[in-house]
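Colleague: Could you look at this predicted model? Sequence included:
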Amino acid sequence: MSRSLATALGTTAILMWALLALFTAASGEVPPFQLAALTFTVGTAIGFIWLWAKGRFHELRQPLSVWVFGTVGLFGYHALYFTALRNAPPVEAGLIAYLWPLLIVVFSALLPGEKLRWYHLVGALLGLSGTVLIVTRGESLSFDPRYTLGYVAALGCALTWSSYSVLSRRLASVPTGIVAGYCGTTAIGAAIAHLLFETTVWPADGGEWLAVLGLGLMPVGAAFYVWDIGVKRGDIQLLGVTSYAAPLLSTIILIAAGYGVLTPQIAIAALLITGGALIAARGGRFSRQRPGSKPASASSNASN
């Protein structure tokens, strides 16, 4: 698979994650860990059906370290995220948690064959600025020491997902089918956490069940499979920068569905995030052009 195709597939994960807030809002009062258990069960089913259709169940036979890595990445991220939201104001917690795209860009410089360029960093910082506007709605932030546990959990959330994404590159030889296993162990972990800490609340009607199914099929299902392809074989730095489009697209979708209102802050955020992605993308293309290289036609004319 080419680098550009893998990057394109990885980008579809970001588009699917943009639906996360809408489907979650439409799923009713289902508690977070119960919702995670339900949706990751659907995500597991997607992977198992694909493995069965392709005759690739052998892809699940991986070392224990691989299973631990994937489970910590998926379940650890969601467990820390829920902990952060329960122990800190959602605006501050969400903003800290959404440092992961910037951390992906920075951490990717440690990978073989990758370098952190100025345009990657500028693009990521512009994306972060746009996300700040969306999350805070243009208002000031206030960090209260009483919510230290929530802040630490949110930072752990960002570190967990960025580390999982970058270190997946080190496991490029591990087939993407193993993500079905990651989803399965995450569903089990979420179910246990639900039984320990939550009261069961089932979706109230068919619409809420459809929202749960939609979550499992896309943002908490197929998205993890294509993201695995993207971070293993695509332009991971560009994916990191582009990830800042998720909260913007999510907000736009919520507005279109009647859950929000378009504001000047959102328009400015759109410009910042789009500009950051363009800088990162165009900078990457420019750097891949060899200085002093000539088009093929020019070189052939010179030889004649």
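Modeller: Arrived safely, thanks for sending.
Colleague: List the contacts of the helix or strand residue 226 falls within.
Modeller: Using DSSP states H and E, residue 226 maps to helix 223-233. The contact list for helix 223-233 (CB atoms under 8 Å, 6 or more residues apart in numbering) reads 1, 3, 6-7, 9-13, 16-17, 43, 46-47, 74, 165-166, 168-169, 171-172, 176, 179, 182-183, 236, 239. The way it works is simple: take the backbone N, C-alpha and C, and place the C-beta from them, glycine included.
Colleague: Mark which of the residues you listed are buried, thanks.
Modeller: 6-7, 9-13, 16-17, 43, 46-47, 74, 165-166, 168-169, 171, 176, 179, 182-183, 236, 239 (16 or more other CB atoms under 10 Å).
Colleague: What's the separation between residue 76 and residue 45?
Modeller: Separation of residue 76 from residue 45 (CB to CB, to the nearest Å): 22 Å.
Colleague: Show me what the host helix or strand of residue 247 is packed up against.
Modeller: Using DSSP H and E, residue 247 sits in helix 245-256. Packing partners of helix 245-256 (3 or more CB pairs under 8 Å, 6 or more residues apart in numbering; DSSP states H and E): helix 3-17, helix 20-26, helix 118-136, helix 264-287.
Colleague: and these, which is most packed in?
Modeller: helix 118-136 (a mean of 22; mean count of other CB atoms under 10 Å).
Colleague: about what we covered before: can you mark which positions in the helix holding residue 226 are buried?
Modeller: 223-233.
Colleague: pLDDT of that helix, averaged?
Modeller: The average of the pLDDT scores along helix 223-233 is 96.
Colleague: and the angle from it to helix 3-17?
Modeller: 150 degrees (axes from the mean of the first three to the mean of the last three CA atoms, to 10 degrees).
Colleague: Please state the offset of helix 223-233 from the chain centre?
Modeller: Using CA atoms, centre = their mean, to the nearest Å, the mean C-alpha position of helix 223-233 is found 10 Å from that of the whole chain.
Colleague: heads up, I number from 766, so please use that
Modeller: Happy to do that; since the first residue is 766 now, the last one works out to helix 988-998.
Colleague: And for the helix or strand following that helix, what's in contact with it?
Modeller: Next in sequence after helix 988-998, counting helices and strands by DSSP H and E, comes helix 1001-1007. When contacts are defined by CB under 8 Å, 6+ apart, helix 1001-1007 is touched by residues 772, 775-776, 779, 866-870, 873, 876, 879, 881-882, 885, 888-889, 892, 927, 930-931, 934, 995-996, 1041-1042, 1045-1046, 1049.
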